[in-house]
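Undergrad: Output the structure for:
(2 chains)
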Amino acid sequence: MTDLNSLALLVVIPLLSAPVCLLLPGERLPWLLATTVTWLVLVLALMLSAGIPEQGSLDYAMGGWAPPWGIEYRLDAFNGFVAILVATIGALVLPYAAASVAAEVAPSKLPGFYAAFLLLLAGLLGTTITGDIFNLFVFLEISSLSSYILVSLADRRRALVSAYQYLILGTIGATFILIGTGLAYAMTGTLNMADLAARLPAVAATSTVHTAFAFIAIGVSIKLALFPLHLWLPNAYTEAPSAVAAFLAGTATKVAFYVLTRFIFSVFGAVFVFKLTPFGWAFTTMALAAICLGSVAAIFQDNVKRLLAWSSIAQIGYTVLGLSMATVAGLTAGVLHLFNHALIKSALFLAAGCIFYRLKSVDLVSITGLGRQMPWTMSAFTLAGLSLIGLPPTAGFISKWYLLTAALERGWWPAAILILVTSLLAAVYIWRVVESAWLKPIAIGRAPVTEAPLSMLVPTWALVLANIYFGLDTSFTTGLAGRAAETLIGGSR
Amino acid sequence: MGESTVGASPVTNQPVLRVTAKVLIPLIMLFALYVQFHGDFSPGGGFQAGVIFGSAVILYGLVFGEQRAARALPPGLLRWLACGGLLLYGGVGLACIASGGAFLEYGILTENPVDGQHLGILLVEVGVGLTVTSVMVTIFSVFAGRRQA
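TA: Have a look, this model is predicted:
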């Protein structure tokens, strides 16, 4: 029991550090506390994940109240993987944040910024490890509310509009999830995921349960920014402070994908979603539409951050496509791409943040010739871009490969062709940035800029190298993703 | 109206309102405390009590001017109270872990588990009440304190 307390501490430590952060004086101390806490959380997450039994999970009864009455925390192969991902991205973004955020957020708001960041971390981790759907809703709201705050804190007026748009859509999503949760509770009298999974099949034929799933699916799809519910994402990612965009791109939509997968496979069951109802086809359609439109829209962007945001919408499509195959191979590909895309997109947004730090702009026209002035930043961007396209030997190649084999195994030829074509589209939009930075002459009249500070380059490069490492040594990621997929599919039989 | 009318709203000049508010505010606060400390036996608890207590302060601010409310409860103090409430809540949880139980397992806090449950929920609800009151008042003063440009 005492040993498992670290499962609660994983959420409690960042949650309680947030108010302390708000009370600390100065600008440096809140950052120091937030960074220390994030690294501590990473160590905890790694230790806990190492202790997950081969077949099963670590269970923790909150407050000593036995489930299904009390709130249960449950760490298995799948959410252990997601928790490590969230903690890792957080631990890399915070050292980067020191310089980057100070340049983009007013000094008086810095303690509040780091407090909101810690709340976001607590919310994401809580959403990931809880085994109770109401508790999940609460944590999802903690993370969403703090991300609205973080987006709005950038020193630009447009950030406020973006945050407001994000708030309205995010709140609609949250309300839908709550309505769905309420309907499921009305039919089964329980909120515990494992207990719901046992009780839902008996009432699966009722329209109430269908409605419950529809509400939850749409609500989570808004948080996930699945096409056509993606409208908040490009503005939020473009206007947010760079460090926040990098953290959100690597974690928030990933956790939302986790939530969707959890609801489908561990609560409602794959049979209900893919056999008894046409929801499975709805997800496939939306995923394919997201892949096409996200990739095409990214080509036409003139702002690097906005381009990356549209690309994220396409990448979310890939993960959902993997999920909607409802096979072990498909789900493995989805979970793998969740991890790899987090590494890719965070690296790209961090590199974009380095550009913004020096130029105060990330427009394609203003970065011309930047490769000669900021070679390290632009090389990082280029390498991460190659991973996004899916060229070997990068992590992006591995997940595209798995996705492709899964699609072929399922006999989905059109989807497989679409994956290849959209990878070419990714090459087009990444090329636009690369061409601008490396091949065009330095913009006339631009003051000479130097390389970004080391505190920003090191985290960026750490993620870029991780992209290459996980492209060469795939045993860790594919092993964990495969185990996660088997746990999910096995559990829903 | 010789005393400070700077920033005071027109309602300040309504004698009926001022007298009624002066009578009601202590009663509202008393009722908030009743809801707070009776919460474990009857409907109520920290959140409701916090909202009621906060609304007493907000009523004071509406009738007598936001600046006088800010003098009674300065923003710096509110920040400490809001954070302190959350820390009290979490601190009780951590104390439970330190005593060898699960997070927020109040029963472990004293010899007799029933007393422990009682003490635990009381402290946690005080924490909730403090945070909700101060956040309510802060939201009010942020909106009310905005000066027209």
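Undergrad: And the helices in the stretch 51-200 of chain A, which stretches?
TA: A:77-104, A:110-129, A:133-152, A:157-188, A:193-203 (DSSP state H, counting those that start in this stretch).
Undergrad: pLDDT of the third one, averaged?
TA: Rounded to a whole number, the mean pLDDT of helix A:133-152 is 94.
Undergrad: With the fourth one instead?
TA: In this model, helix A:157-188 has a mean pLDDT of 93.
Undergrad: Just the buried positions in that helix, please.
TA: Neighbour counts over helix A:157-188 (16 or more other Cβ atoms under 10 Å in any protein chain shown) mark A:159, A:162-163, A:165-167, A:169-170, A:173-174, A:176-181, A:183-184, A:187-188 as buried. Placement of C-beta: from N, CA and C, glycine included.
Undergrad: can you pull the contacts of A:Val449?
TA: A:358-359, A:370, A:373-374 (Cβ atoms under 8 Å, 6 or more residues apart in numbering or on different chains).
Undergrad: Return the closest of those with respect to A:Trp413.
TA: For the contacts of A:Val449, the closest approach to A:Trp413 (Cβ to Cβ) belongs to A:Leu370, at 41.1 Å.
Undergrad: rewinding a little: highest mean neighbour count out of the helices of the stretch 51-200 of chain A?
TA: Neighbour counts (mean count of other Cβ atoms under 10 Å in any protein chain shown) averaged over each of these peak at helix A:110-129, with a mean of 27.
Undergrad: got the angle between that helix and helix A:133-152?
TA: Helix A:110-129 and helix A:133-152 meet at an angle of 150 degrees, taking axes from the mean of the first three to the mean of the last three Cα atoms, to 10 degrees as the criterion.
Undergrad: could I get helix A:110-129 in CSV with only the CA atoms?
TA: C-alpha atoms of helix A:110-129 as CSV (Å, rounded to 0.1, in the frame of the first residue of the first chain):
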residue,chain,number,x,y,z
LEU,A,110,5.5,34.4,-14.6
PRO,A,111,4.6,32.8,-11.2
GLY,A,112,1.1,32.3,-12.5
PHE,A,113,2.4,30.9,-15.7
TYR,A,114,4.4,28.2,-13.9
ALA,A,115,1.6,27.5,-11.5
ALA,A,116,-0.7,26.9,-14.5
PHE,A,117,1.9,24.8,-16.2
LEU,A,118,2.1,22.5,-13.1
LEU,A,119,-1.7,22.3,-13.0
LEU,A,120,-1.7,21.3,-16.6
LEU,A,121,0.9,18.6,-15.8
ALA,A,122,-1.2,17.4,-12.9
GLY,A,123,-4.4,17.4,-15.0
LEU,A,124,-2.8,15.4,-17.8
LEU,A,125,-1.2,12.8,-15.5
GLY,A,126,-4.5,12.5,-13.5
THR,A,127,-6.5,12.0,-16.7
THR,A,128,-4.0,9.3,-17.7
ILE,A,129,-3.8,7.2,-14.6
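Undergrad: If you count contacts, what does it end up packed against?
TA: Judged by 3 or more Cβ pairs under 8 Å, 6 or more residues apart in numbering or on different chains; DSSP states H and E, the packing partners of helix A:110-129 are helix A:5-23, helix A:28-50, strand A:72-75, helix A:77-104, helix A:133-152, helix A:242-261.
Undergrad: chain center to that helix: distance?
TA: Distance, stretch centre to chain centre, for helix A:110-129: 14 Å (Cα atoms, centre = their mean, to the nearest Å).
Undergrad: OK, contacts around the residue lying closest to B:Gly61 once chain neighbours are set aside?
TA: The shortest distance from B:Gly61 to any residue other than its chain neighbours is 3.4 Å, reached at B:Ala69 (Cβ to Cβ, 6 or more residues apart in numbering or on different chains). Neighbouring residues of B:Ala69 by Cβ under 8 Å, 6+ apart: B:57-58, B:60-61, B:137, B:141.
Undergrad: Then A:Ala245?
TA: So A:Ala245 contacts A:237-238, A:305, A:309, A:349, A:352-353 (Cβ under 8 Å, 6+ apart).
Undergrad: Likewise for A:Gly180?
TA: A:211-217, A:219 are the contacts of A:Gly180 under Cβ under 8 Å, 6+ apart.
Undergrad: Relative to chain B, how far out is it?
TA: As judged by Cβ to the nearest Cβ, to the nearest Å, A:Gly180 and chain B stand 24 Å apart.
Undergrad: what's the answer for A:Gly371, then?
TA: For A:Gly371, the distance to chain B equals 44 Å [Cβ to the nearest Cβ].
Undergrad: From A:Ile442, how far out is that residue?
TA: Going from A:Gly371 to A:Ile442 by Cβ to Cβ, to the nearest Å gives 9 Å.
Undergrad: Now A:Ala8: closest residue in space that isn't a chain neighbour?
TA: B:Phe103 (3.9 Å).
Undergrad: Give me the below-cutoff pLDDT ranges for chain B.
TA: The model of chain B has pLDDT under 70 over residues B:1-12, B:146-149.
Undergrad: Show me which residues of chain A sit near chain B.
TA: Counting by Cβ under 8 Å from any Cβ of the partner chain, the positions of chain A adjacent to chain B are A:1-2, A:5, A:8-9, A:12, A:15-16, A:18-20, A:22-23, A:60-64.
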